[in-house]
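Trainee: Got a sequence here, can you model it:
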Amino acid sequence: MVQVSPDIPAFARHFGVSTAAAASVISAFALMRIVGALPAGRLADRFGQPAVMAAGIAIVAVSSILAGFSGSFTELIILRGAGGLGSAMFGVSGQTLLLVSVPSEQRGRASGLFAGGFLIGGISGPAVGGVIAAWSERAPFIIYGLMLIVPAIIAGTVLHDGSRHRPERSPRQRSAVAEIASALRDRAYRAAAAANLADGFGTIGVRSAIVPLFVRDILHRSAIWTGVGFLVVAAINAGTLLPAGRLADRFGRRPVIVSGCLVAAGGMALLALLPGLGGYLAGLAVLGLGSGFLDVGPGAMLGDILNGQGGTVVATYQMAGDIGAVTGPVTGGYLVDVASYGAAFGVTAGVLGLAAVLGLFAPETRWRDQPIGPGLVPGPSP
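Mentor: Purely as a prediction, here's the structure:
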């Protein structure tokens with residue numbers, strides 16, 4: 001529930017570093033998530049998802065507590081990087097465990113609940129962390145780390161029997177490259193990964209980094225309106241998750257993915273085209289609706305096509321989202337500098353539109369694992 005992200009730049013500045021260096025502490029965490037994703041997937045396949053999940057949470061917990069006691073900027077950035085590795089272990093193993101444990105007919109709703117848990121933490125965590133940081137800038141790191149001890153124990157004890165969740169493997173283990181290559185030959189996997197990348201690029205990266213600047217520079221409003229806009233996105237996103245999950249389970253993953261990409265692209269287009277505060281709020285409302293669909297459809301499709309490939313394939317999927325979240329702010333910021341905010345939002349809408357095209361031409365996976373009798377075609381039940 002407590003998040004340290006609001007406190008990180010201010011805490012880092014106490015070591016006498018520049019604003020760019022202070023912001024790099026956040027980038028170090030994200031970068032190590034990307035670097036650690038594939039090794040985390042291999043570990044999950046070898047030792048089981050619960051064990052890797054427990055280890056990942058423990059690494060984040062210990063590194064966060066130690067970061068609270070950092071005596072230098074170097075110590076802080078190293079410890080946050082270690083936390084990124086632990087986060088990759090937790091994220092890959094947790095999503096793999098969810099997807100291989102839930103039957104196909106419930107996978108959309110399960111993905112919605114999984115995303116909802118992160119959303120609640122993402123909304124409440126910065127608020128609580130910000131209050132604690134007003135008392136002490138070291139305290140959020142320590143409290144956050146201590147709170148993670150409980151889920152680490154749960155993952156290591158309650159979910160200890162990880163053998164059921166290890167994917168079936170051939171006697172000769174395939175390399176990570178071979179598994180990724182096999183997954184990328186599947187049009188459905190490419191569509192799910194592309195949608196996750198576009199979601200990270202636009203609804204996470206560009207929204208988080210560019211929209212606050214847009215509010216300040218173009219709308220000439222205070223940061224309060226950034227918070228209001230983000231609250232609109234979060235509220236509509238949260239309200240969309242379970243209905244989107246039911247739609248994905250009832251009608252298939254592809255319509256949800258395509259709709260999510262197109263609606264989110266529409267939200268970005270509204271930000272680019274409609275001036276004023278009303279257009280800003282309307283654009284973020286539409287973006288929140290699209291992001292709710294994108295929090296469900298791609299993950300459910302991924303679960304349908306795992307077929308025993310396990311952690312490595314999930315890791316690559318998550319890497320796509322993280323890469324989008326890292327490249328989105330950089331690309332958007334560059335376009336703002338050389339062109340305009342409209343160009344940044346327009347290109348983001350284009351990225352989401354391309355992901356929609358891939359989703360449109362992807363095969364439906366909702367009924368892939370169901371046997372088809374003579375003369376029968378899989379599809380929605382009556």
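
Trainee: Least confident secondary structure element in this structure?
Mentor: Ranked by mean pLDDT, DSSP states H and E, the weakest helix or strand in the chain is helix 107-135, scoring a mean of 67.

Trainee: Tell me which helix or strand comes right after that helix.
Mentor: Using DSSP states H and E, the helix or strand that directly follows helix 107-135 along the chain is helix 139-157.

Trainee: what comes into contact with the helix or strand just after that following helix?
Mentor: Counting by DSSP H and E, the next helix or strand C-terminal to helix 139-157 is helix 176-184. Residues outside helix 176-184 that contact it (Cβ atoms under 8 Å, 6 or more residues apart in numbering) are Leu38, Gly41, Arg42, Arg174, Tyr189, Arg190, Ile305, Gln309, Thr312, Val313, Thr316. All C-beta spots, glycine's among them, are computed from the backbone N, C-alpha and C.

Trainee: and the residues you listed, which two are the farthest apart?
Mentor: Greatest spatial distance among the contacts of helix 176-184 (Cβ to Cβ): Arg42 and Arg190, at 21.6 Å.

Trainee: Narrow the contacts of helix 176-184 to those that are buried.
Mentor: Neighbour-count burial (16 or more other Cβ atoms under 10 Å) applied to those gives Leu38, Gly41, Arg42, Tyr189, Arg190, Ile305, Gln309, Thr312, Val313, Thr316.

Trainee: Where does the closest residue to Leu284 other than its chain neighbours sit, in terms of helix or strand?
Mentor: Spatial nearest neighbour of Leu284, excluding adjacent residues (Cβ to Cβ, 6 or more residues apart in numbering): Gly229 at 4.5 Å. Secondary structure from DSSP H and E places Gly229 in helix 223-251.

Trainee: average pLDDT across that helix?
Mentor: Mean pLDDT, computed over helix 223-251, is 90.

Trainee: just stretch 45-61 next, same as before
Mentor: Per-residue scores along stretch 45-61 average to 90.

Trainee: now swap in stretch 177-196 and tell me
Mentor: Stretch 177-196 comes out at a mean pLDDT of 88.

Trainee: same question, stretch 351-359
Mentor: 97.

Trainee: what do you get for stretch 368-382?
Mentor: Mean predicted lDDT for stretch 368-382 stands at 50.
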